[in-house]
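In: heads up, no residue letters with this:
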């Protein structure tokens, strides 16, 4: 099973994974809003950096859960 298929399965079956995924999507949406601006204030630039950090941490969490799922499937 590919990572994308596992992700879809986990979104459907695992409430924790779904919440992490939705938070990741919220970060993506927020970043797209900032990208639409021609100029970012210093405060907005800091917000963008913080959102990127959070998004990366969420992605790492999702990848860990996916890896754990794969490992559990190999054992079964």
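Out: Right, received. Where do you want to start? Note that the structure is predicted; figures quoted are calculated from it, not measured.
In: and the residue positioned nearest the centre of the chain, what helix or strand is that in?
Out: With distances taken as CA atoms, centre = their mean, the residue of the chain nearest its centroid is residue 24 (3.3 Å). Assigned by DSSP states H and E, residue 24 belongs to helix 15-35.
In: Likewise for residue 40?
Out: Per DSSP H and E, there is no helix or strand for residue 40.
In: Need the outlier residue of this protein, farthest from its centre.
Out: residue 76 (27.5 Å).
In: can I assume residue 69 is in contact with residue 7?
Out: No. Contact criterion CB atoms under 8 Å: residue 69 and residue 7 do not qualify, at 9.5 Å. For the C-beta atoms, the positions are set from N, CA and C on the backbone; glycine is no exception.
In: and the gap between the residue nearest to the centre of the chain and residue 38?
Out: The spacing between residue 24 and residue 38, counted by CB to CB, to the nearest Å, is 26 Å.
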